[in-house]
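K.L.:
Here is my input; please provide its structure:
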Amino acid sequence: GVWREALGPWHPFVAIALNNMARAHVAGGRADDGLLLMQKSVAVKRDSLGPHHPSLATSLNHLAALHELAFNDYERAVTLRLEALDILTASLGDMHPQVAVCLNNLAVAHSRAGEYAEASALYQQALRIDQHAYGDNHPQVATDLNNLATLSFHCGERQLSRQLYEQALAVREEVLGEDNAKTQATRRNLELVKSQIEQADSESDDS
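P.N.:
Have a look, this model is predicted:
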């Protein structure tokens, strides 16, 4: 509309407007229309800013999230998130915290697709970056540990899951406090894992 007329169809501000319109369509239950608008937003950014701009990586991640959540198209989401990761790694360096965010997003896409080995490797890479950037006692490091613990639990690796939840809980209790919602969620998950380990041990003793 107004942005397109004032600035031309390939200006970055037009991409922002298209992205906002896409989100409104998705929120209104019109995911197909939102997808078309978001794809156009990505095309505008790619043309106006070039194929290696960090802002393009942000738009690619938004588009990937839409493919995941609205269409369950994890293969397409992985492709988009890989492109975003390449852009951010090239522009920011492979140890930048924003790269870790992108790795986490990519891990989620792989996990939802049932590709747990790939997801685990990406979560571990994100954890190493965040530990390097923030140190061991940081909320983001706790989130990384929690992500790995949850994935390990889904893969049936209960002992590893327990260890990771214990590490995440220790950080969250120290940094966020015992009453924080994230701390409480990690504590509940840890108790669940412990109970399943105890149940498995009991069944093993009975057999």
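
K.L.:
Who are the contact partners of residue 191?
P.N.:
For residue 191, no residue meets the contact criterion (Cβ atoms under 8 Å, 6 or more residues apart in numbering). C-beta coordinates here come from the backbone N, C-alpha and C atoms, glycine included.

K.L.:
What residues of the helix or strand harbouring it count as buried?
P.N.:
Using DSSP states H and E, residue 191 falls within helix 181-206. Buried residues in helix 181-206, defined by neighbour count with 16 or more other Cβ atoms under 10 Å: 182, 183, 186, 187, 189, 190, 193.

K.L.:
how far away is the residue nearest to residue 113 when sequence neighbours are not counted from residue 107?
P.N.:
Using Cβ to Cβ, 6 or more residues apart in numbering and skipping residues adjacent in sequence, the residue nearest residue 113 is residue 74, 3.7 Å away. Residue 74 sits 12 Å away from residue 107, taking Cβ to Cβ, to the nearest Å as the criterion.

K.L.:
rewinding a little: near the residue nearest to residue 113, how many other residues are there?
P.N.:
19 (other Cβ atoms under 10 Å).

K.L.:
Please apply the same query to residue 39.
P.N.:
15.

K.L.:
Buried residues in the host helix or strand of it, which are they?
P.N.:
Secondary-structure element containing residue 39, defined by DSSP H and E: helix 31-49. By neighbour count on 16+ other Cβ under 10 Å, the buried set for helix 31-49 is 31, 34-35, 37-38, 40-42, 44-46, 48-49.

K.L.:
Residues touching it, excluding its own?
P.N.:
Helix 31-49 is contacted from outside by 9-12, 14-16, 18-19, 21-26, 53, 55-56, 59-60, 62-63, 66-67, 70-71, using Cβ under 8 Å, 6+ apart.

K.L.:
now with 7 Å?
P.N.:
10-12, 14-15, 18-19, 21-23, 25-26, 55-56, 59-60, 62-63, 66, 70 (Cβ atoms under 7 Å, 6 or more residues apart in numbering).

K.L.:
Drop anything exposed from those residues.
P.N.:
11-12, 14-15, 18-19, 21-22, 25-26, 56, 59-60, 62-63, 66.

K.L.:
which residues touch residue 180?
P.N.:
By Cβ under 7 Å, 6+ apart, residue 180 lies in contact with residue 172.

K.L.:
What separation do you get for residue 195 and residue 147?
P.N.:
Residue 195 is 21 Å from residue 147, by Cβ to Cβ.

K.L.:
For residue 150, which non-adjacent residue is closest in space?
P.N.:
Per Cβ to Cβ, 6+ apart, closest to residue 150 is residue 189, 7.1 Å.

K.L.:
Show me where this protein has its strands.
P.N.:
Counting by DSSP state E, the chain has no strands to list.

K.L.:
Poorly predicted segments of the protein, please.
P.N.:
Along the chain, the model assigns pLDDT under 70 to residues 1-12, 206-207.

K.L.:
Centroid-nearest residue for it?
P.N.:
The residue lying closest to the centre of the chain (Cα atoms, centre = their mean) is residue 105, at 2.4 Å.

K.L.:
Tell me who's in contact with that one.
P.N.:
Applying Cβ under 7 Å, 6+ apart, the residues near residue 105 are 61, 81.
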